[in-house]
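In: fold the following.
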Amino acid sequence: MSVNQQLNLNVKLYKAFKSCKLKGRWNLKKNSFHEYVALDEGASIILYGIRSEWNEIFSFKKDSTITIKNSIIEYYDNDVISKSE
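Out: Numbers count the residues shown, from 1 in each chain. Next up is the predicted model:
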């Protein structure tokens with residue numbers, strides 16, 4: 001168990017990428033061009049790498065908010081259900 005989980009902190013994280021693809025049901029937040037809300041449990045985003053041929057998949061809890069702007073995703077670690085590389 002990580003320190004953040006033990007202390008029950010919700011840390012905002014950032015990840016750079018070359019391109020991305022949303023999977024599942026997402027909704028663009030009102031009055032925003034960059035914030036998305038997961039409509040279903042397990043909605044995910046696939047990030048494709050900048051320097052090499054890597055990709056990462058993040059699955060999120062229902063009602064989680066992510067921000068995608070200038071090839072950077074911003075999200076909270078407590079919203080992530082699973083991560084795979």
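
In: neighbouring strands - and their directions - for the host helix or strand of Leu13?
Out: Element membership for Leu13, per DSSP states H and E: strand 12-16. Strand pairing for strand 12-16, determined by DSSP bridges: strand 72-76 (antiparallel).

In: buried stuff in the partner strand?
Out: Neighbour-count burial for strand 72-76, counted by 16 or more other C-beta atoms under 10 Å, picks out Ile73, Tyr75, Tyr76. Where C-beta positions appear, they are placed from N, C-alpha and C, glycine not excepted.

In: could you do stretch 14-32 as well?
Out: Phe17, Cys20, Trp26.

In: give me the mean pLDDT for it.
Out: For stretch 14-32, the mean pLDDT works out to 93.

In: now do stretch 67-82
Out: pLDDT averaged over stretch 67-82 gives 94.

In: which residues are in contact with it?
Out: Residues lying outside stretch 67-82 but in contact with it, judged by C-beta atoms under 8 Å, 6 or more residues apart in numbering, are 4, 10-20, 34-36, 38, 41-42, 45, 47, 50, 58-61, 64-66.

In: repeat that for stretch 22-36.
Out: 37-40, 42-46, 65-69.

In: CA atoms of that stretch as PDB?
Out: Coordinates of each C-alpha in stretch 22-36 appear next as PDB, following Å, rounded to 0.1, in the frame of the first residue of the first chain:
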ATOM      1  CA  LEU A  22     -10.800   7.800 -25.100                       C
ATOM      2  CA  LYS A  23     -12.600   4.500 -24.800                       C
ATOM      3  CA  GLY A  24     -15.900   4.000 -23.200                       C
ATOM      4  CA  ARG A  25     -18.500   6.700 -22.400                       C
ATOM      5  CA  TRP A  26     -17.100  10.200 -21.700                       C
ATOM      6  CA  ASN A  27     -18.800  13.500 -21.600                       C
ATOM      7  CA  LEU A  28     -17.200  16.900 -22.200                       C
ATOM      8  CA  LYS A  29     -17.900  19.100 -19.200                       C
ATOM      9  CA  LYS A  30     -20.100  22.200 -19.800                       C
ATOM     10  CA  ASN A  31     -18.200  25.400 -20.500                       C
ATOM     11  CA  SER A  32     -15.000  23.500 -21.000                       C
ATOM     12  CA  PHE A  33     -13.000  22.400 -24.000                       C
ATOM     13  CA  HIS A  34     -10.500  20.200 -22.100                       C
ATOM     14  CA  GLU A  35     -12.300  18.500 -19.200                       C
ATOM     15  CA  TYR A  36     -14.000  15.100 -19.600                       C
END
